[in-house]
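Q: Quick one, fold the following:
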Amino acid sequence: MTRADKYGALIIIFLIVIIAIGGTIFWSKYTGSQSIEISLPSEQEWQGGFYMSGAINNPGFYPVKAQDSLQDIIQSAGGATSTADFASLKIYLPQIDKRTEPQKIDLNRAEAWLLEALPGIGEVRAQAIIDYRCQHEAFYNINELTRVEGIGITTYEQIKYMITVAD
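A: Below you'll find the model as predicted:
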């Protein structure tokens with residue numbers, strides 16, 4: 001064996017040892033024995049509100065939480081009317097600086113407890129409003145409220161910006 005062959009054989013053995021040691025080190029660090037931790041960002045609790053209008057029983061602004069479904073939102077507004085078209089829902093996102101109008105109480109659909117929440121309308125006047133709309137089928141405009149017994153111009157002026165009549 002020549003001297004070059006001896007050095008060549010030693011170099012090859014040395015390279016094999018280095019590759020074996022390097023592979024062992026690499027493999028020990030790569031093995032699946034270490035657990036992998038996956039962290040997901042926490043879900044933010046979203047709270048906001050929806051303004052419901054159209055074919056809804058009590059149009060107005062309603063609070064909504066992240067877990068609420070569309071059905072929950074509609075039910076919070078008193079449910080949809082029989083003329084609701086669920087194939088054409090619209091969602092409108094207002095700009096931050098735009099003001100929303102306050103919720104108005106529909107004289108044709110509001111229950112007594114909701115009418116009683118109006119300033120100057122107590123239990124007796126709320127029942128008078130309900131009796132009037134039962135006798136006349138519906139209010140056609142908010143001015144008709146003054147025709148209800150016990151509600152005069154002063155009371156009407158106090159609440160006219162808080163009431164509405166739906167179709």
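
Q: from here on, contacts and neighbour counts on C-alpha atoms
A: Fine.

Q: Tell me which stretches of this protein form helices.
A: Applying DSSP state H to the chain gives helices spanning 3-30, 70-76, 112-116, 123-135, 153-159.

Q: can I get the ones you listed in a markdown table with distance to I91?
A: Shown next, in a markdown table, are these (distance: least, C-alpha to C-alpha, whole Å):
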| stretch | distance to I91 |
| --- | --- |
| helix 3-30 | 51 |
| helix 70-76 | 11 |
| helix 112-116 | 26 |
| helix 123-135 | 32 |
| helix 153-159 | 29 |
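
Q: I'd like to know which of these is closest to V165.
A: Among the helices of the chain, helix 123-135 comes nearest to V165, with 11.1 Å by C-alpha to C-alpha.

Q: What's the mean pLDDT across that closest one?
A: Mean pLDDT, computed over helix 123-135, is 91.

Q: buried residues in that helix?
A: Applying a neighbour-count criterion of 16 or more other C-alpha atoms under 10 Å, one finds R125, A126, Q127, A128, I129, I130, Y132, R133 buried in helix 123-135.

Q: what's the fourth one in contact with, if anything?
A: Meaning A128. A128 makes contact with V148, E149, G150, according to C-alpha atoms under 8 Å, 6 or more residues apart in numbering.

Q: So which of those is surrounded by the most neighbours?
A: For these, counting by other C-alpha atoms under 10 Å, the largest number of neighbours falls to V148: 16 neighbours.

Q: gap between it and T154?
A: The gap separating V148 from T154 is 13 Å, by C-alpha to C-alpha, to the nearest Å.

Q: still on that earlier bit, tell me which of the helices of the chain lies nearest to G60.
A: When the helices of the chain are compared (using C-alpha to C-alpha), the closest one is helix 70-76, at 10.1 Å.

Q: which strands and helices sit next to the closest one?
A: strand 60-65 (3 or more C-alpha pairs under 8 Å, 6 or more residues apart in numbering; DSSP states H and E).

Q: And the contacts of A128, which is closest to G60?
A: V148 (24.2 Å).

Q: wait, isn't the closest one in contact with A126?
A: No. Using C-alpha atoms under 8 Å, V148 makes no contact with A126, being 9.8 Å away.
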